[in-house]
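Visitor: Next come a sequence and a model predicted from it.
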There are 2 protein chains.
Amino acid sequence: MATIYEVAELAKVSLATVSRVINGNVKVSPKTLDKVKAAMDELGYRPNSIAQSLASNRTNRVGVLVSELSGPFFSNMLSIVEQELRAAGKHAIIAAGHSDEKSEKAGIEFLLSCRCDALILHVDCVSDEYLLELHRQDIPFSIINHRIEALSDRCFTVDNEMGGYLAAKAVLAAGHRKIAYISGPSFKEDAQLRLAGHKRALAEYNIEFNEALHCTGNYQEEGGKEALHTIYQQNSDFTAVVCANDEMAVGAMFSARELGFSLPETLSIAGFDDLIFARYTYPTLATVHNPISDMGSMAAKWILREVYNNSSSEELINVFRPEFVTRRSLNLLS
Amino acid sequence: MATIYEVAELAKVSLATVSRVINGNVKVSPKTLDKVKAAMDELGYRPNSIAQSLASNRTNRVGVLVSELSGPFFSNMLSIVEQELRAAGKHAIIAAGHSDEKSEKAGIEFLLSCRCDALILHVDCVSDEYLLELHRQDIPFSIINHRIEALSDRCFTVDNEMGGYLAAKAVLAAGHRKIAYISGPSFKEDAQLRLAGHKRALAEYNIEFNEALHCTGNYQEEGGKEALHTIYQQNSDFTAVVCANDEMAVGAMFSARELGFSLPETLSIAGFDDLIFARYTYPTLATVHNPISDMGSMAAKWILREVYNNSSSEELINVFRPEFVTRRSLNLLS
DNA sequence: TAACATAATGAAAGCGCTTTCATAAATAAT
DNA sequence: ATTATTTATGAAAGCGCTTTCATTATGTTA
């Protein structure tokens, strides 16, 4: 593979001039520009990105850490992040933190050891303190699905409280009054917010939140299954169950059938996230659309702008407004 | 960040010695080893992978190209590939080819321009000729889900013919005799093989393959929907429909209900791939398990062994044996 | 046309490491 | 103890580029 030396020689200019042509940031006279370009073409020259990185102290690598790589949640986000970064000539390096703190930190360490210029983080378990420390070390990063006030410009989230509110409101509007709720792990911020939104909607309808109709799940299918059974034992008098995510909603569907409900006639179910399979369940799952791809897109754009000075003037949205997607699992009580 | 110079200085040894300690491939006396390690610890030294790459002409990057990044098919594979590579200290760079030839080639080009040491390819549209050309250029790669005889050691696939056979056989064993088939695009190798396996099973039962009960789909949900309607118009006399992948099976489920079937009582449905949502459909989808993660794991291991000489003695499996997973969508005719 | 300002180009150092080759130290053989 | 052999270490070149600083070419003004 040809090097910059050979190009320089063929074009009868210096190394420096070729470098200027490659980078295009310093003016070169049209005449020499042509010569150099012709030489590059003739040799099939392609810059060695490694050498560029070493000399410029810029790797053009962006590390993407997702808390869970498998599963349906991240692929769309990853897809759009890759697209944005590649369009800007940056390399996306991925790492998975398997939803535990140690592993997430190890993932971040790994990405830093790759000398990434910046990180895009979708983390679940790492503390704000850790992230703030990262920030103090001048490591640029953007955050998906988590908000830290001190770094709010680089955090891209959905309004979880609003989402919880919308789901509950839709269920209420459909005529339900006895509503069970399966929440996410209480240490997770989004779970708290979704629950808060749920309560706000109930309050608007002057309905008291009934702890006997509430159970905390683990955001997984199994958790949803167990939670519905638990609730049913405490109080079987409900016509709808709202779940803090789709995975638990699917679990709840299983359990509901075990308990003899027929869906959606005797029990309505709502989820949160609008995962791909929400359209495949039977009945199809009414849920809050979580614009995870959009958040990914924004996170990538933030990096491009702040770290690489890509001067796209596009306005970044930090907090997305969720929308409720009604489907068959929500039964209209008339 | 400390450099190798500072370590050398502190340890009172030469650059070269420190480098030897870092790489561990040349013997260093225990005494100096200790000195150097102590110095590295004291300075919190971490090798600069960029400089290493430049000097050694090795990037430790492995490019992973998937035909489609979004959707449920790849995330598990990606997850395991990342895990394997990271454990070996390699960086996974991802690129998506959006299921068209141009874009897949662009993805490969991109990964090569990153100076990846090797590639892991899950491609749909690129020709064998192109891949062979890549091979002639001495670019190491492994292939997932596609087999090229000349490169068979680096191809990791599932036995699609066998899968097609198993699905059909399970449906036959359940007592079905009038079986519709929705195949994948005929230019795709796996689609052909699955169909061939299907036919082989029918032949074993002395059943003639009925073209009126066959329709070619596009491997997508919409295709499955349309295909079932098409078949139904040609010949409505069938008790089961076997689909060449799960996505089309889900589409077929939709259409089946539109056509007045009740699932699984009056129509059994089988898929292929065992995607995550196969357990979420109603009825749950009987399908052929496609060990996509295992193939990813093997593809990564092949790279580690062949390109990086990681001397794991583990035997690599090139062709996986599929298994049929029976679920509720397959009704036993008694 | 002289004197100056400005734009384009080149020379060379340096990014942080690996690796070859030569040398010094340690060990074995006589 | 002396030489031959092996092993450990160091000096220095080089990987392919960027970037600073100095220099030359070009353009402008009086």
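Guide: Yep, it's here.
Visitor: check contacts around A:Ile231.
Guide: Taking CB atoms under 8 Å, 6 or more residues apart in numbering or on different chains, we find A:Ile231 in contact with A:Ala180, A:Ile182, A:Ala212, A:Leu213, A:His214, A:Cys215, A:Phe238, A:Val241. Just so you know, the C-beta spots here come from the backbone N, C-alpha and C atoms, and that holds for glycine as well.
Visitor: try it again with 7 Å
Guide: By CB atoms under 7 Å, 6 or more residues apart in numbering or on different chains, the contact list for A:Ile231 reads A:Ala180, A:Leu213, A:Cys215.
Visitor: Using the three-state scheme, assign the last one.
Guide: Reduced to three states with DSSP: H, G, I helix; E, B strand; the rest coil, the structure at A:Cys215 is strand.
Visitor: What strand or helix carries A:Glu226?
Guide: Per DSSP states H and E: A:Glu226 is located in helix A:221-234.
Visitor: could you point out which element follows that helix?
Guide: Proceeding N to C from helix A:221-234, the next assigned helix or strand is strand A:240-243, under DSSP H and E.
Visitor: Relative to the whole chain's centre, how far out is stretch A:66-75?
Guide: Stretch A:66-75 sits 9 Å away from the centroid of its parent chain (CA atoms, centre = their mean, to the nearest Å).
Visitor: Quick check: end-to-end length of that stretch?
Guide: By CA to CA, to the nearest Å, the extent of stretch A:66-75 from end to end equals 10 Å.
Visitor: cool, and stretch A:286-293?
Guide: End-to-end distance of stretch A:286-293: 19 Å, with CA to CA as the criterion.
Visitor: average pLDDT for that stretch?
Guide: The predicted model gives stretch A:286-293 an average pLDDT of 96.
Visitor: quick one: the helix or strand harbouring A:Ala8 near chain B?
Guide: Element membership of A:Ala8, judged by DSSP H and E, is helix A:4-11. No: Helix A:4-11 stays out of contact with chain B when judged by CB under 7 Å from any CB of the partner chain, the minimum separation being 13.4 Å.
Visitor: Next: stretch A:275-285.
Guide: Yes: contact between stretch A:275-285 and chain B is present through A:Ile276, A:Phe277, A:Tyr280, A:Thr281, A:Tyr282 (criterion: CB under 7 Å from any CB).
Visitor: Tell me where chain A has strands.
Guide: With strands called from DSSP state E, chain A shows them at A:61-66, A:91-96, A:118-122, A:141-144, A:155-158, A:179-183, A:214-216, A:240-243, A:268-273, A:286-289, A:319-320, A:323-325.
Visitor: For B:Asp153, which of those strands is the nearest?
Guide: B:Asp153 lies closest to strand A:91-96 among the strands of chain A, at 26.8 Å (CB to CB).
Visitor: and the closest one with strand B:61-66, angle?
Guide: If you take axes from the mean of the first three to the mean of the last three CA atoms, to 10 degrees, strand A:91-96 sits at 80 degrees to strand B:61-66.
Visitor: what's the angle between strand A:91-96 and strand A:118-122?
Guide: Per the same axes, to 10 degrees, the angle that strand A:91-96 makes with strand A:118-122 is 40 degrees.
Visitor: So is strand A:91-96 next to chain B?
Guide: Yes: in this structure, strand A:91-96 sits against chain B according to CB under 7 Å from any CB; the contacting residues are A:His91, A:Ala92, A:Ile93, A:Ile94, A:Ala95, A:Ala96.
Visitor: Having no further points to raise, I will conclude here.
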